[in-house]
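A.B. asks: quick one: sequence plus predicted model below, questions after.
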Amino acid sequence: MAEKIIILDFGSQVTQLIARRVREIKVYCEIHPYNKIPVLDDSVKGIILSGSPCSVRDANSPSIDLTLLGDRPILGICYGAQLIAHLGGGSVQASAHREYGRAHMDSKKSSALLNGLSAKSQVWMSHGDTIMDLPKEYEVIGSTETVRVAVFSHISKPIFGIQFHPEVTHSTEGSELIKNFVVGISGCSQTWTSDSFAETTIAALKQKLGNDKVVLGLSGGVDSSVAAVLLHRAIGKNLYCIFVDNGLLRKNEFEQVLESYHTLGLNVKGVNAKKLFYDALAGLSDPEEKRKAIGKTFIDVFDQESHLIEGVSWLGQGTIYPDVIESVSINGPSATIKSHHNVGGLPDFMKLKVVEPLNTLFKDEVRLVGKTLGVPQEILGRHPFPGPGLAIRILGDITPEKVDILQKVDAIFINGLKQDGLYDQVWQAGAILLPVQSVGVMGDERTYEQVVALRAVTSLDGMTADWCHLPYEFLGRISNEIINQVKGVNRVVYDISSKPPATIEWDYFF
Ligand code: XMP
């Protein structure tokens with residue numbers, strides 16, 4: 001049976017980082033809300049209790065019955081550590097001053113958890129409470145300048161607590177410590193790799209789907225492409241892919257991506273539905289209405305196409321782990337789940353059974369699996385691109401002429417980034433067609449034409465972003481090329497706003 005670590009989430013903002021660190025050690029792990037403990041069978045080798053914005057001193061703070069976890073190794077991080085101390089009868093109190101930031105930890109006693117860590121190992125603290133006294137049978141094994149109980153353990157059982165956050169990169173040996181827990185103490189073998197993931201997932205999909213048919217909508221993006229290749233490896237021609245040209249893709253993207261899909265051997269049908277989308281969008285300027293029109297048209301086209309496939313019973317989706325992790329709601333007892341699964345009243349294809357082969361992976365893990373499967377770099381390395389495509393980069397109403405202008409501008413910008421080796425340094429880039437005209441002069445005549453904005457950002461996950469400091473020479477050259485080559489544009493501006501307070505796209509989206 002596959003082995004794993006379970007992370008119980010008490011609502012910390014950085015719980016996902018714990019999962020990232022564990023998986024980097026090549027050990028599979030899952031995050032579950034503290035109040036929805038999954039079945040703990042023999043595959044669960046160890047349990048990590050996350051941090052939390054709460055205080056164990058508050059009535060109603062999130063808690064668990066530690067005896068439910070059996071005699072598996074347990075590691076409490078920050079709130080998780082305070083909870084272990086508190087439940088065992090120790091004392092947790094408000095720190096005299098909030099402890100936030102860099103500190104240095106020294107081992108006080110040799111312990112499997114601190115094996116190999118340097119003296120004065122840099123750690124990252126972020127807590128308002130501190131453990132004053134440990135329960136009976138627990139001992140301090142590490143301290144910092146100001147925190148005596150920085151790391152503790154049970155004297156005979158594999159139960160540990162750490163006050164700092166080993167999951168953040170500022171804790172420079174945090175990964176070592178997590179590895180000590182996951183491998184040394186919990187005994188996980190480090191066998192969870194993209195190769196093993198691909199192999200076991202393909203075998204499981206074969207088993208699950210048998211001779212059933214699956215329909216999957218491709219977007220040209222990383223997730224749907226990798227999901228398709230995994231399914232294709234499992235069921236071959238029984239995977240029917242649909243790639244819809246909504247007329248809002250990048251210049252030549254439909255043809256290029258379709259060709260890559262064919263090269264990968266996918267059974268894919270390209271559907272030119274541009275006119276339907278342009279008709280649905282005609283006259284709409286409101287961002288919400290535009291998005292709704294695009295969503296509805298996509299559903300109509302996909303529904304119609306999936307009906308043409310006889311006997312299809314599954315809908316494949318490229319959903320990834322961050323979309324399905326249940327988030328702990330700190331202000332209420334209930335945990336919310338982001339769900340897009342089948343509910344009544346949806347089109348027929350949505351009533352199909354859903355298969356989501358990537359729903360346990362983070363984005364960069366999807367890329368690694370894609371690489372293992374031979375998905376070409378031009379698909380794996382692509383910048384994120386919004387579902388409604390260029391429609392949300394044309395402020396105001398959409399016409400085929402405006403799409404044509406924006407596609408040309410965008411292509412000059414994106415090809416320029418690629419030519420100058422800048423594309424991979426940018427998280428996302430694109431051009432926005434503004435609903436303003438401005439005066440210019442070309443030859444002997446004055447012009448009154450469109451303004452385009454260029455946007456390029458660096459980011460890790462799109463939640464926060466900074467504008468890219470692209471070289472002036474590059475921006476100058478691209479601006480010249482755009483104004484000289486794209487009829488209808490006489491001014492180019494560069495967006496130098498960070499997120500927050502701005503957003504990446506210009507069209508509103510809640
Ligand atoms: P913002 O503009 O909110 O964008 O900073 C964050 C990320 O989300 C993408 N985005 C969208 N994706 N439909 C999508 O599928 C949308 O309506 C939409 N709006 C923004 C954006 O491109 C960026 O990657």
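C.D. replies: Sure thing, it's come through. Residues are numbered from 1 along each chain as shown.

A.B. asks: leaving out sequence neighbours, find the closest residue to residue 114.
C.D. replies: Counting by C-beta to C-beta, 6 or more residues apart in numbering, residue 114 lies nearest to residue 107, which is 4.7 Å off, once chain neighbours are set aside. Where C-beta positions appear, they are placed from N, C-alpha and C, glycine not excepted.

A.B. asks: sorry, slip of the keys, the one I care about is residue 12.
C.D. replies: residue 51 (3.6 Å).

A.B. asks: surely that neighbour meets residue 9?
C.D. replies: No - between residue 51 and residue 9 there is no contact under C-beta atoms under 8 Å: 9.2 Å.

A.B. asks: overlap in contacts of those two?
C.D. replies: Shared contacts of residue 51 and residue 9 (C-beta atoms under 8 Å, 6 or more residues apart in numbering): residue 15.

A.B. asks: which bits of the protein sit near the ligand?
C.D. replies: Contact residues, the chain versus the ligand (C-beta under 6 Å from any ligand atom): 291, 384, 386-388, 392, 428, 462, 499, 503-505, 509.

A.B. asks: state whether residue 56 is indeed within a helix.
C.D. replies: No - assessed with DSSP: H, G, I helix; E, B strand; the rest coil, residue 56 is coil; it does not lie in a helix.

A.B. asks: what's it in contact with, if anything?
C.D. replies: 63, 79, 82, 83, 86, 92, 129.

A.B. asks: grab the nearest non-local neighbour of the fourth one.
C.D. replies: Think residue 83. residue 56 (5.5 Å).

A.B. asks: now that neighbour: how far from residue 85?
C.D. replies: 8 Å (C-beta to C-beta, to the nearest Å).

A.B. asks: where do the contact lists of the two overlap?
C.D. replies: Joint contacts of residue 56 and residue 85 (C-beta under 8 Å, 6+ apart) are residue 92.

A.B. asks: now do the SS call for residue 386.
C.D. replies: coil.

A.B. asks: I figured it hits residue 432, correct?
C.D. replies: No - using C-beta under 8 Å, residue 386 is not in contact with residue 432; the gap is 11.7 Å.

A.B. asks: higher neighbour count, these two?
C.D. replies: residue 432 (22 against 17; other C-beta atoms under 10 Å).

A.B. asks: pull out the buried residues from the helix or strand the more buried one falls within.
C.D. replies: Residue 432 belongs to strand 428-442 when assigned by DSSP states H and E. By neighbour count on 16 or more other C-beta atoms under 10 Å, the buried set for strand 428-442 is 428, 429, 430, 431, 432, 433, 434.

A.B. asks: thought residue 448 was touching residue 437?
C.D. replies: Yes - look at residue 448 against residue 437 with C-beta under 8 Å: they come within range, at 5.2 Å.

A.B. asks: now the helices for the protein?
C.D. replies: Ranges of helices within the chain are 15-24, 79-87, 174-179, 194-209, 222-235, 253-263, 274-281, 287-307, 321-324, 363-372, 377-380, 400-419, 472-485, based on DSSP state H.

A.B. asks: of those, which is nearest residue 241?
C.D. replies: Across these, residue 241 has its closest neighbour in helix 222-235 (5.4 Å, C-beta to C-beta).

A.B. asks: pLDDT of stretch 305-317, averaged?
C.D. replies: Stretch 305-317 comes out with an average pLDDT of 95.

A.B. asks: what distance separates the opening and closing residues of that stretch?
C.D. replies: This stretch, stretch 305-317, spans 16 Å end to end (C-alpha to C-alpha, to the nearest Å).

A.B. asks: so which bits of that stretch are buried?
C.D. replies: Buried-residue list, stretch 305-317, by 16+ other C-beta under 10 Å: 305, 306, 312, 314, 315, 316, 317.

A.B. asks: also stretch 503-510?
C.D. replies: Buried-residue list, stretch 503-510, by 16+ other C-beta under 10 Å: 504, 505, 506, 507.

A.B. asks: now the residue nearest to residue 83: how far from residue 68?
C.D. replies: Residue 56 is 18 Å from residue 68, by C-beta to C-beta.

A.B. asks: tell me the one among the contacts of residue 56 nearest to residue 244.
C.D. replies: Closest approach between the contacts of residue 56 and residue 244, by C-beta to C-beta: residue 79, at 45.9 Å.

A.B. asks: leaving out sequence neighbours, find the closest residue to that closest one.
C.D. replies: Nearest one to residue 79, counting by C-beta to C-beta, 6+ apart, is residue 52 at 3.7 Å.

A.B. asks: the one you found against residue 77, yeah?
C.D. replies: No - with contacts counted by C-beta under 8 Å, residue 52 stays clear of residue 77, the gap being 9.7 Å.

A.B. asks: who has more neighbours, those two?
C.D. replies: Neighbour count, other C-beta under 10 Å: between residue 52 and residue 77, residue 77 has more, with 30 against 24.

A.B. asks: ok, the more buried one to the ligand distance?
C.D. replies: Using C-beta to the nearest ligand atom, to the nearest Å, residue 77 is found at 29 Å from the ligand.

A.B. asks: residue contacts, that residue?
C.D. replies: Residue 77 touches 18, 48, 49, 50, 51, 161, 162, 165, 166, 167, counting by C-beta under 8 Å, 6+ apart.

A.B. asks: go with 10 Å
C.D. replies: 7, 10, 12, 14-15, 18, 48-52, 160-167, 174, 177-178, 181 (C-beta atoms under 10 Å, 6 or more residues apart in numbering).

A.B. asks: same question, residue 111
C.D. replies: 117, 139, 141, 142, 151, 152, 153, 160, 180, 185.

A.B. asks: show me the shaky parts of this structure.
C.D. replies: 1, 327, 329-346, 510 (pLDDT under 70).

A.B. asks: farthest residue from the center of it?
C.D. replies: Distance from the centre of the chain peaks at residue 444, with 51.7 Å (C-alpha atoms, centre = their mean).

A.B. asks: tell me how far that residue lies from residue 227.
C.D. replies: 56 Å.

A.B. asks: kindly report the same for residue 61.
C.D. replies: From residue 61 to residue 227 the distance is 39 Å (C-beta to C-beta).

A.B. asks: show me which of these two is the more surrounded one.
C.D. replies: residue 227 (29 against 18).
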